[in-house]
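Participant: everything below, folded, please.
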Amino acid sequence: SQVAAAESKGSLEAAKLQSDKEVASALANKTQGMLTDAKKSLAVLEKKQKTDTLDAVKLQTALTKEIAAQKIASALAHKTQEKLTDAKQTLAVLQMKQKTD
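Facilitator: Numbering: from 1, shown residues only. Next up, the predicted model:
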């Protein structure tokens, strides 16, 4: 009777250990799945960051070109203004000369 009780108890413990092992295995699989998902998400984020960085570099380059173009346009406008001033002065001189002639 004691042997039967011990065997029964041993069977219950073995069943519990088997159940615990299955639960642990399921948790390990779930954890592995979550880790795989996290790695995929990280890869997507890293790719997006590279794209964002590239876009930022392109934008910076475009801004630099725009600033350079504005500086050139400003210099040209200044030069044109100087020529216009010179032309006005020349015209004024010619008009005065014409009056004296």
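
Participant: now do the helices in this protein.
Facilitator: For the chain, the helices defined by DSSP state H occupy 2-100.

Participant: point out where it drops to low pLDDT.
Facilitator: For the chain, no stretch has pLDDT under 70.

Participant: any idea how far the residue positioned nearest the centre of it is from Lys88?
Facilitator: Nearest to the mean C-alpha position of the chain, counting by CA atoms, centre = their mean, stands Asp52 at 2.5 Å. Using CB to CB, to the nearest Å, Asp52 is found at 53 Å from Lys88. (Glycine included, C-beta is placed from N, CA and C.)

Participant: and Leu94, how many neighbours?
Facilitator: 10 (other CB atoms under 10 Å).

Participant: if I look at it, how far off is Lys88?
Facilitator: Remark: distance between Leu94 and Lys88 (CB to CB) = 11 Å.

Participant: with Leu45 instead?
Facilitator: Leu45 is 63 Å from Lys88, by CB to CB.

Participant: likewise Ala75?
Facilitator: The value you get for Ala75 to Lys88, if CB to CB is used, is 20 Å.

Participant: same thing with Ala73?
Facilitator: For Ala73 relative to Lys88 (CB to CB), the value is 22 Å.

Participant: likewise for Lys40?
Facilitator: To Lys88, Lys40 is 71 Å away according to CB to CB.

Participant: again, but for Gln60
Facilitator: Gln60 sits 42 Å away from Lys88, going by CB to CB.
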